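[1] Kindly generate the corresponding structure for this input.
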Amino acid sequence: MKSKFSSLIDILHFHASGQPNKTAYVFLEDGENESVRYTYGELDRSARAVAARLQEYSLAGQPVILLYPSTLEFLIAFLGCLYAKVVAVPVQLPGPNKDLDKIEAIIKNTGTQLVLSDTKALASLRKKAGSAP
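    You can find the predicted model right below:
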């Protein structure tokens with residue numbers, strides 16, 4: 001049996017159109033306590049906003065690195081990449097005692113022109129990088 005959906009974005013759009021106020025995702029900060037709840041409509045609008053910004057850079061088909069902790073922001077950025085038709089490259093944030101060599105190698109190997117992250121992770125990366133480019 002063939003599915004009527006050809007992508008994750010098709011599924012999101014279907015639910016956002018048909019039941020925009022239904023809960024799509026609940027993020028449990030510590031595995032137990034709810035910190036954020038998103039409806040299908042909110043998730044779709046947020047992902048489309050990310051996609052609109054990505055499209056300003058004309059990166060369709062190009063890799064974009066996603067440097068996020070495990071948060072709802074990662075999911076929104078990932079779905080935004082799918083909407084913008086860019087290649088999402090999720091990369092684990094380096095631990096406290098790890099350097100940025102792995103991230104630098106991924107950027108070099110993929111030819112990435114853009115990295116998406118959240119404010120807290122970006123501040124941590126900048127501090128870790130020091131004077132490195």
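[2] Keeping just the C-alphas, turn the longest helix along the chain into CSV.
    Using DSSP state H, we find that the single longest helix of the chain is helix 40-55. C-alpha atoms of helix 40-55 as CSV (Å, rounded to 0.1, in the frame of the first residue of the first chain):
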residue,chain,number,x,y,z
TYR,A,40,1.0,21.3,14.9
GLY,A,41,0.2,24.8,13.8
GLU,A,42,3.0,26.3,16.0
LEU,A,43,5.5,23.8,14.9
ASP,A,44,4.6,24.3,11.2
ARG,A,45,4.8,28.1,11.5
SER,A,46,8.1,28.0,13.4
ALA,A,47,9.6,25.6,10.9
ARG,A,48,8.4,27.8,8.0
ALA,A,49,10.0,30.9,9.6
VAL,A,50,13.3,29.1,9.8
ALA,A,51,12.9,28.0,6.2
ALA,A,52,12.2,31.6,5.1
ARG,A,53,15.4,32.8,6.7
LEU,A,54,17.4,29.9,5.1
GLN,A,55,15.9,30.7,1.7
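[3] Might you report the residue contacts of residue 79?
    8-9, 12, 43, 47, 50 (C-beta atoms under 8 Å, 6 or more residues apart in numbering). All C-beta spots, glycine's among them, are computed from the backbone N, C-alpha and C.
[4] I'd like to know which of these is nearest to residue 82.
    residue 9 (5.0 Å; C-beta to C-beta).
[5] Can you list the buried residues in the helix or strand hosting that closest one?
    Here residue 9, judged by DSSP states H and E, is contained in helix 8-18. Under the neighbour-count criterion of 16 or more other C-beta atoms under 10 Å, helix 8-18 has 9, 12-13, 15-16 buried.
[6] What mean pLDDT does it get?
    The average pLDDT for helix 8-18 rounds to 94.
[7] Name the strands paired with whichever helix or strand comes after it and say parallel or antiparallel.
    The element immediately downstream of helix 8-18 (helix or strand, assigned by DSSP H and E) is strand 23-28. Next to strand 23-28 in the sheet, as set by DSSP bridges, lie strand 34-39 (antiparallel).
[8] May I see the buried residues of the partner strand?
    38-39.
[9] That concludes my questions; thank you for your assistance.
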